[in-house]
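K.L.:
Return atomic coordinates for the entry below.
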Amino acid sequence: MAAPAAPAAAARPTKIIAGADPFGAPLKDALVTHLREALHIEVEDLGTGPYYSIAADVGRRISSSGGPETRGLVACGTGCGVSMFANKFPGAFAATCLSVADAVNARSINNSNILAVSAVYTPPEPAVEILRAWLDTPFKSPCPANGDRPWSDDIQEFLDRALVETPKIGVPASEPDESASCAICCLVKRRELNPIDMIPGGSMKILRETPTSAIVRFKAGSVEPAHHHTFGHDLVVLEGKKSVWNLTKKERYDLVVGDYLFTPAGDVHRVQYHEETEFFIKWDGHWDMFFDEDLETAKKAIAEESSSSSLP
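P.N.:
Just a heads-up that it's a prediction; the model follows:
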């Protein structure tokens, strides 16, 4: 049986974007010289900077380069720090390579597009061999990790799928879920609110106890009769419109989405909901509620105020 044909050499990139921290700068400079003078590959050298910022600059540029024609080269003392920060960007795949085998594996399996090298552990001559192996190895080619044998069909299918799926990691969804844009809304998402037996039209879901927080919802037209609590409470309106009368302080608050209100412990207050309204509420201790009037009295008081305010 004839031996399998050797895989075709990879098309070398036409441009390399390079950068290093002070520890990796001498090795980076040697490799940049080799790329330019021996291999005649264009290099954009971003110079020297802190490993986190210089590597991030290379990773960002490779992420937005849009194709395999441009790859990256980063260097630091160990090659690890620059690899970590270059990898912060979608579609940037940096691999720290300390040997030729590492470089071949990184290209074959991971389709690495940024080479990270170690100035502490890799002298310039071995680094040049690592660089050339990384430049010339095609994706999915036989490599030391698979005994230098061709990959099986199922592994090749897996690698092809990864080539499509991995660049999507870290990319924001094109249509973000607006309900997840608020941390408080996220807490109540997909939670069922339970009716508040003592107040018609109201429902509540306890999110946490002591200190206690909850999401509360009332139907349009609902009224909370005057009442007080043994605790003070903070609330933020998430949806709708409501009015709160603090009868103790003889003050009225008309609240809409985004408004905040604190009611001190013991203050008697009455509430009317003009629209279907949802709000986040937080208090210390366990829930209690002491009514200072009945529902009919509350509705009558609200109606009288509404009537008097409409008079000329």
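
K.L.:
Pull the residues that contact the helix or strand harbouring Lys300.
P.N.:
Element membership of Lys300, judged by DSSP states H and E, is helix 295-309. For helix 295-309, contacts defined as Cβ atoms under 8 Å, 6 or more residues apart in numbering pick out 200, 223-226, 270, 272, 293. The C-beta positions use only the backbone N, C-alpha and C, and glycine is treated the same way.

K.L.:
Kindly recompute the last result at 10 Å.
P.N.:
Residues outside helix 295-309 that contact it (Cβ atoms under 10 Å, 6 or more residues apart in numbering): 198-200, 221-227, 243, 245, 247, 252, 270-272, 291-294.

K.L.:
just the buried members of those residues?
P.N.:
199, 222-227, 243, 245, 247, 270-272, 291, 293 (16 or more other Cβ atoms under 10 Å).

K.L.:
Go through these and name the one nearest Val120.
P.N.:
Of all the buried ones among the contacts of helix 295-309, Val120 sits closest to Val271, with 67.6 Å by Cβ to Cβ.

K.L.:
Make sure the closest one is indeed in a strand.
P.N.:
Yes: assessed with DSSP: H, G, I helix; E, B strand; the rest coil, Val271 lies in a strand.

K.L.:
Looking at strand pairing, list the partners for it.
P.N.:
On the basis of DSSP bridges, Val271 is bridged to Glu224, Val244.

K.L.:
ok so, going back, just how off-centre is the helix holding Lys300 within its chain?
P.N.:
Centre-to-centre, helix 295-309 and its host chain are 49 Å apart (Cα atoms, centre = their mean, to the nearest Å).

K.L.:
try stretch 114-134
P.N.:
33 Å.

K.L.:
In it, which residues are buried?
P.N.:
Buried, per 16+ other Cβ under 10 Å, within stretch 114-134: 114-119, 122, 127-128, 130-134.

K.L.:
That stretch: end-to-end distance?
P.N.:
Here the two ends of stretch 114-134 are set 9 Å apart, with distance taken as Cα to Cα, to the nearest Å.

K.L.:
where do the strands sit along the stretch 201-312 of the chain?
P.N.:
Assignment of strands within the stretch 201-312 of the chain using DSSP state E, counting those that start in this stretch yields the ranges 202-208, 212-218, 223-228, 233-239, 241-246, 251-256, 260-263, 269-273, 277-283, 290-291.

K.L.:
Most tightly packed of those strands?
P.N.:
Of all the strands of the stretch 201-312 of the chain, strand 269-273 has the most neighbours on average by mean count of other Cβ atoms under 10 Å, namely a mean of 22.

K.L.:
Now do that one, average pLDDT.
P.N.:
Mean pLDDT, strand 269-273: 96.

K.L.:
Please name every helix or strand in contact with it.
P.N.:
Applying 3 or more Cβ pairs under 10 Å, 6 or more residues apart in numbering; DSSP states H and E, one finds that strand 269-273 contacts strand 212-218, strand 223-228, strand 241-246, strand 251-256, strand 260-263, helix 295-309.

K.L.:
Any idea which of the ones you listed gets closest to Thr78?
P.N.:
strand 212-218 (45.7 Å).

K.L.:
returning to that earlier point: with distance to Cys97 as added columns, please give the strands of the stretch 201-312 of the chain in a markdown table.
P.N.:
Output for the strands of the stretch 201-312 of the chain, formatted as a markdown table (distance: least, Cβ to Cβ, whole Å):
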| stretch | distance to Cys97 |
| --- | --- |
| strand 202-208 | 48 |
| strand 212-218 | 50 |
| strand 223-228 | 67 |
| strand 233-239 | 51 |
| strand 241-246 | 62 |
| strand 251-256 | 58 |
| strand 260-263 | 54 |
| strand 269-273 | 64 |
| strand 277-283 | 51 |
| strand 290-291 | 71 |
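
K.L.:
Could you list the low-confidence segments of the chain?
P.N.:
1-10, 170-192, 309-312 (pLDDT under 70).

K.L.:
Could you list the domains of this protein?
P.N.:
15-168, 183-309 (automatic domain parsing).

K.L.:
if I pick Asp21, what's in contact with it?
P.N.:
28, 48-55, 74-77, 81-82, 119.

K.L.:
Any quick PyMOL command for the buried ones out of the residues you listed?
P.N.:
PyMOL command restricting those to the buried ones, with burial defined by 16+ other Cβ under 10 Å:
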select buried, resi 28+48+49+51+52+54+55+74+75+76+77+81+82+119
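
K.L.:
The contacts of Asp21 in strands, which ones?
P.N.:
48, 74-76 (DSSP state E).

K.L.:
Kindly check the end-to-end length of stretch 93-108 for me.
P.N.:
End to end - Cα to Cα - stretch 93-108 spans 13 Å.
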